[in-house]
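Enquirer: here is the input, now give the coordinates:
(chains A and B)
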Amino acid sequence: MDKLKLEILTPNGEIFNGEVVSVVLPGEEGEFGVLAHHASLTTLLEAGVIDIEKEDKSVESILINWGVVHVDEEKVIVLVEGAVAIRGDSESSVANALEEAKQLISDIADSNPAIAAVSAKIESAARRLL
Amino acid sequence: MANLKDIQRQIKSVSNTQKTTRAMKLVSTAKLRRAEELARRSRLYAAKMNQVIAEIAGRIKCHKVGGIDNRCFAKIENPKMVDIVFVTADKGLCGGFNIQTIKAVKKLISEYKEKNVKVRLRGIGKKGVEFFKYNEVELFDEVINLSSKPDKGRADDFIMTSIEDYNDGKIDGLYIIYNGYKNMITQELHVNKILPVDAEQFGCGEEQTSILEIEAQDEGQMLDSLVNKYVEYNMYYSLIDSVAAEHSARMQAMDTATNNAKEVVKSLNIKYNKARQAAITTELIEIISGVESMK
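Expert: Just a heads-up that it's a prediction; the model follows:
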C-alpha cells in the first residue's frame, strides 16, 4: 500500500513526523480522510482528534485544539496550536496523556457542542491502548 | 598592619564575587541550551506557517476580484496611531541586552513623533517597563514575568488586544521590538513590522503540483483566522527568541565579570605581597637600628 508523509507541527516543535497509510482529520466542514496521492487541499481544522493509521495497522490519536492542514500528493503538513498525543507504553502514561488531553479540551471554548463527542473519542482511543 | 588586613579583606570579597559570577554563568549556559533548543524547534513551525499564508494570500491576491479585503493586508497611507510592543528581560546583569532594545524603541517612537503619529507603547519585561516609567513615558499596558517564562496562552491574550484594535481601526500598525538570539556570543536586534502584512511579497504560486483546493466556504475567512494565528505566533516566537538571547547575553556578561575579578585579585595579590615585604623590611630596620644604638 502506498504511503504518505505526515508532519504535525506545534509552536513548541514537531509532535509527529513519519510515513503513514492514512490520516483522518477533523476539518472545519466535517471529518475527512487522506490517503496517498490526495489532491492538493488546504483547510482549517477545528478542535478534534487526528487519527493516524500507521504501516503496522496500529492507530495513533492526537488531540488538537485548532489547526490548518496543507495536503499535496506526497505529504500532509498539519500546523496545530495545542496538541496532545494519546500514547504511552504503560497504563499510567496513557492515563497521564488522557488527563492532559482533557485539560486541553476544557481550555477550548466551552460553547462548542462537539466537545462531548471529542472527549468520548479520546477516551475510546485511550481504552484501545490499554 | 592595618593596611595588610584591608587588602586581605578586599581579596576575599573580590574572590567571592568571582564565585557568584562564575555560578551565574554556568546557570545561564544551562538555561541557554534549553531555550535555544525550544527556539530551534519552533522555527520549523514558522517556516511552514509562512508558506501556507503566502500560498493562500497569493492565490486570493491573484485570482479574486478586488484582491484581499482583509485589513491586515491593506496598505495604510496615513497611519494615525501605531502599537509598539517591546520585549525586555525581567532581570538585569546581562550587559547591554535590555538597553539596546530600549534604545531601538526610543528611536522608533521619535521617528513616529516627527511624522505626527501617535504611539501606543506596550511593554513586556520588568526592565523595559521600569525604564519607561522612570522616564515618565506613558505605557498603554505592561506585563511582567512573561519574558522569563514564555507562555503561549498569555502571549496570545496580550497580543489579541492589538489585533482587535487593528481590525477595529483604532491602530494602524503593529511593531514588535526585541533582542533576538543569533549565536552564542551575539544578539541581534529585531524591529519587526507585524501589521499590516506586506502583501507584495506573495507571488501567485504557479509551481503548484495540482490545483489547490481550499475547503472553506470563504477563503477570506480562512485567511483572517490564519493571520491572527500568524501574529500570535510571531509574538510567542519573539518571546522565546528573546529568552535565548537574554541567557546568551548574561552568559557573556558573567564571563567577562569573572575574568575581570580574576584580574583584580591578581593585582591585589601583588599589592599585598609588596605591603608584606615593606612591613618586614621596616621591622628589620627597627631591630637593626635598635641594636646599633645600644652599642
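
Enquirer: give me every residue that touches the residue nearest the centre of chain B.
Expert: The centroid of chain B falls nearest to B:Asn179 when counting by CA atoms, centre = their mean (3.3 Å). Residues counted as contacts of B:Asn179 (CB atoms under 8 Å, 6 or more residues apart in numbering or on different chains) are B:87-88, B:97-98, B:100-101, B:187-190, B:242, B:245-246, B:249. The way it works is simple: take the backbone N, C-alpha and C, and place the C-beta from them, glycine included.

Enquirer: so it, which state does it fall into?
Expert: strand (DSSP: H, G, I helix; E, B strand; the rest coil).

Enquirer: A:Val49 now?
Expert: Under three-state DSSP, A:Val49 comes out as strand.

Enquirer: I figured it hits A:Val118, correct?
Expert: Yes - between A:Val49 and A:Val118 there is a contact at 6.3 Å, judged by CB atoms under 8 Å.

Enquirer: common neighbours of these two, please.
Expert: A:Leu63.

Enquirer: count the neighbours of the residue in chain A positioned nearest to chain B for me.
Expert: Relative to chain B, the nearest point of chain A is A:Gly13 (3.3 Å; CB to the nearest CB). Residues within reach of A:Gly13, counting by other CB atoms under 10 Å in any protein chain shown, total 14.

Enquirer: then A:Thr10?
Expert: Neighbours of A:Thr10 (other CB under 10 Å): 22.

Enquirer: list the contacts of B:Val82.
Expert: B:Val82 neighbours (CB under 8 Å, 6+ apart): B:Tyr112, B:Val117, B:Lys118, B:Val119, B:Arg120, B:Ile171, B:Asp172, B:Gly173, B:Leu174, B:Tyr175.

Enquirer: SS state for it?
Expert: strand.

Enquirer: the closest residue to B:Thr29 other than its chain neighbours: helix or strand, and which one exactly?
Expert: Sequence neighbours aside, B:Met251 is the residue nearest to B:Thr29 in space, at 5.4 Å (criterion: CB to CB, 6 or more residues apart in numbering or on different chains). Using DSSP states H and E, B:Met251 sits within helix B:219-294.

Enquirer: what's the offset of that helix from the middle of its chain?
Expert: 20 Å (CA atoms, centre = their mean, to the nearest Å).

Enquirer: which parts of the lowest-mean-pLDDT helix or strand in chain A are buried?
Expert: Here the helix or strand of chain A ranked lowest by mean pLDDT, DSSP states H and E is helix A:115-129, holding a mean of 71. Buried positions in helix A:115-129, judged by neighbour count with 16 or more other CB atoms under 10 Å in any protein chain shown: A:Ile115, A:Val118, A:Ser119, A:Lys121, A:Ile122, A:Ala125, A:Ala126, A:Leu129.

Enquirer: check stretch A:85-105 too.
Expert: A:Ala85, A:Ile86, A:Arg87, A:Gly88, A:Val94, A:Ala97, A:Leu98, A:Ala101, A:Leu104, A:Ile105.

Enquirer: what of stretch B:26-38?
Expert: Buried-residue list, stretch B:26-38, by 16+ other CB under 10 Å: B:Ser28, B:Thr29, B:Lys31, B:Leu32, B:Ala35, B:Glu36, B:Leu38.

Enquirer: check the fourth one and give its pLDDT.
Expert: With respect to pLDDT, B:Leu32 has a value of 93.

Enquirer: now swap in B:Glu219 and tell me
Expert: For B:Glu219, the model assigns a pLDDT of 68.

Enquirer: still on that earlier bit, neighbours of the closest residue to the residue of chain A closest to chain B other than its chain neighbours, just the number please.
Expert: Closest residue to A:Gly13 apart from its sequence neighbours, by CB to CB, 6+ apart: B:Arg41 at 3.3 Å. For B:Arg41, the neighbour count with other CB under 10 Å is 16.

Enquirer: and B:Arg41, what helix or strand is that in?
Expert: helix B:2-63.

Enquirer: repeat for B:Thr161
Expert: helix B:152-167.

Enquirer: again with A:Asp89
Expert: Going by DSSP H and E, A:Asp89 is not part of any helix or strand.

Enquirer: what's across from the nearest residue to B:Asp241 once chain neighbours are set aside in the sheet?
Expert: Nearest non-adjacent residue to B:Asp241, counting by CB to CB, 6+ apart: B:Gly180, 4.2 Å away. On the basis of DSSP bridges, B:Gly180 is bridged to B:Glu188.

Enquirer: B:Gly180 touches B:Val191, doesn't it?
Expert: No - contact criterion CB under 8 Å: B:Gly180 and B:Val191 do not qualify, at 10.6 Å.

Enquirer: who is A:Ile60 paired with across the strands?
Expert: No, residue A:60 isn't Ile; it's Glu. A:Ile52.

Enquirer: and the residue nearest the centre of chain A, how far from B:Ser42?
Expert: In chain A, the residue lying closest to the centroid (CA atoms, centre = their mean) is A:Ile50, at 2.2 Å. Distance, A:Ile50 to B:Ser42, by CB to CB, to the nearest Å: 20 Å.

Enquirer: likewise for A:Ile105?
Expert: A:Ile105 is 24 Å from B:Ser42, by CB to CB.
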